[in-house]
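In: Test case, fold it:
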Amino acid sequence: MFEKVNPAHPDKLCDRIAGAVVDLAYAKHPDPRIAVEVLVGHGICHIIVETDISLPVCEVNEAVERIAGKVAVNYVEVSQDSHLARNQKSGFRCGDNGIFKGMPVTEEQQELTRIAREIYDEYGCDGKYILDGDRLIICQSNAPSEELQVAYPGAEVNPLGDWTGGTDVDTGATNRKLGSDMGDSVTGGGLNGKDLSKADVSVNIWAWLKAQETGKPVEVCCAIGDDHIGDVPYSEIVETAREYVDSIGGFEKFAEWGLVR
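Out: Here you go, the predicted structure:
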């Protein structure tokens, strides 16, 4: 059983905005320290950023408009906590406590992701999809249900009828769709809107990649300040995650579909 949302879902819009803001920070420094929270809905986008890299508000506004359309932007930028900043001064060390789990992606998750991307490529609007064995549920906004029913015979399509999605219908917030992003690998940490020093990003990616490589579950934990995860240097984990994010095209692109792509 798996649920997937597409990049136009309000929660994913927030993940994408947060990723775009992190990309802005990386454009200005090779290793920024930044954490971004986004709430969007009904004509306004609230953004709170904790960072050591000051960002031009005009660039943030441009990213928001490109991703979410014309909405009012309430942007708050504050400095990173000095105690946390000291934790990273001598090199990459775990930026937080955490438990992390990497799980191999299942055939069901791959199939639903394929369907979600196929529908999104066609309609490009807010959508949510569930696959539970032979049961396929498709909720796709701004799309005639009859067309989808023909394309996916036997699916349950828009059970309440055609609908209009997006941020005028629903609010969104960062890291609210981690099940869609991570499949069975979800633990407590949010994947989106943070730099690579944060274990929520780097260790989640590293554990997930290991699980895909070995075909077996990977479970690890860390304490804030750790310079190793087991016998693996934390700096190596950060670089593995950096290579993966770069291969996708940056944090905004990473946020579109998460790890289960």
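In: any idea how far R16 is from K253?
Out: For R16, the distance to K253 (Cβ to Cβ, to the nearest Å) stands at 9 Å. C-betas here are computed from N, CA, C, even on glycine.
In: Please, which helix or strand holds Y244?
Out: Taking DSSP states H and E as the definition, Y244 sits inside helix 234-248.
In: what's the neighbour count on A116?
Out: 24 (other Cβ atoms under 10 Å).
In: Need the three-state assignment for it.
Out: The three-state label given to A116 by DSSP: H, G, I helix; E, B strand; the rest coil is helix.
In: which residues are contacting stretch 120-138?
Out: Applying Cβ atoms under 8 Å, 6 or more residues apart in numbering, the contact partners of stretch 120-138 are 1-10, 108, 111-112, 115-116, 119, 139-143, 148, 152, 154-159, 165-166, 169-170.
In: residues of it that come out buried?
Out: For stretch 120-138, a neighbour-count test (16 or more other Cβ atoms under 10 Å) marks 120, 123, 125-129, 131, 136-138 as buried.
In: E77 is in contact with S54, correct?
Out: Yes. The criterion here is Cβ atoms under 8 Å, and S54 meets it with E77 at 6.6 Å.
In: More neighbours: the two, which one.
Out: Neighbour totals were compared for S54 and E77, and E77 leads with 17 against 11 (other Cβ under 10 Å).
In: What is the burial count for K253?
Out: 18.
In: mind checking the end-to-end distance for stretch 36-47?
Out: Terminal residues of stretch 36-47 are spaced 7 Å apart (Cα to Cα, to the nearest Å).
In: Measure how buried I17 is and give me the count.
Out: Neighbour tally, I17, other Cβ under 10 Å: 29.
In: Which strands and helices lie in contact with the helix or strand hosting D15?
Out: Here D15, judged by DSSP H and E, is contained in helix 10-28. In terms of contacts (3 or more Cβ pairs under 8 Å, 6 or more residues apart in numbering; DSSP states H and E), helix 10-28 is packed against strand 34-41, strand 44-51, helix 57-68, strand 172-173, helix 251-257.
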